[in-house]
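Chemist: Got a predicted structure plus its sequence, pasted below:
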Amino acid sequence: MASLPVDNQTAELVLMRAAAEGVSVDALLQRLLATEFVQPSTPDRMSIEDFEAFLEQEATDGPSLPDDFSRADIYLDHD
């Protein structure tokens, strides 16, 4: 098992949060790190559920396309 040097306040916060969530410190840190380092640009590293939730969020939170948006707009710079 590896150990990481952290100050007492950080250690206490991690222990309290893990206890509050009912998980081990290891499980908490793995989840936090996975959330922090998995970027939406790499959906192959996300779970299917997380990716679907991301798509749903993007579909509702992003800007709408103009009413006159067409295939020609996509291929404007192609022949």
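Modeler: It's in.
Chemist: what's the helix or strand hosting Gln30 packed up against?
Modeler: When elements are assigned from DSSP states H and E, Gln30 belongs to helix 25-37. Where contact means 3 or more CB pairs under 8 Å, 6 or more residues apart in numbering; DSSP states H and E, helix 25-37 is packed against helix 8-21. (C-beta placed from N, C-alpha, C; glycine too.)
Chemist: From the chain's centroid, how far away is the helix holding Gln30?
Modeler: Relative to its chain's centre, helix 25-37 lies at 11 Å (CA atoms, centre = their mean, to the nearest Å).
Chemist: and the angle from the helix or strand following that helix to helix 25-37?
Modeler: Sequence-wise, the next helix or strand downstream of helix 25-37 (DSSP H and E) is helix 48-61. Using axes from the mean of the first three to the mean of the last three CA atoms, to 10 degrees, the inter-axis angle of helix 48-61 relative to helix 25-37 is 40 degrees.
Chemist: neighbouring contacts of the helix holding Gln30?
Modeler: Contact with helix 25-37 is made by 14-15, 17-18, 21, 23, as judged by CB atoms under 8 Å, 6 or more residues apart in numbering.
Chemist: shaky segments in this protein?
Modeler: Within the chain, the stretches falling below the threshold (pLDDT under 70) are 36-45, 58-63, 79.
Chemist: how about a cut-off of 90?
Modeler: 1-6, 10, 13-14, 17, 21, 23, 27-79 (pLDDT under 90).
Chemist: And the residue nearest the centre of it?
Modeler: The structure's the chain has its C-alpha centroid closest to Thr35; by CA atoms, centre = their mean the separation is 4.7 Å.
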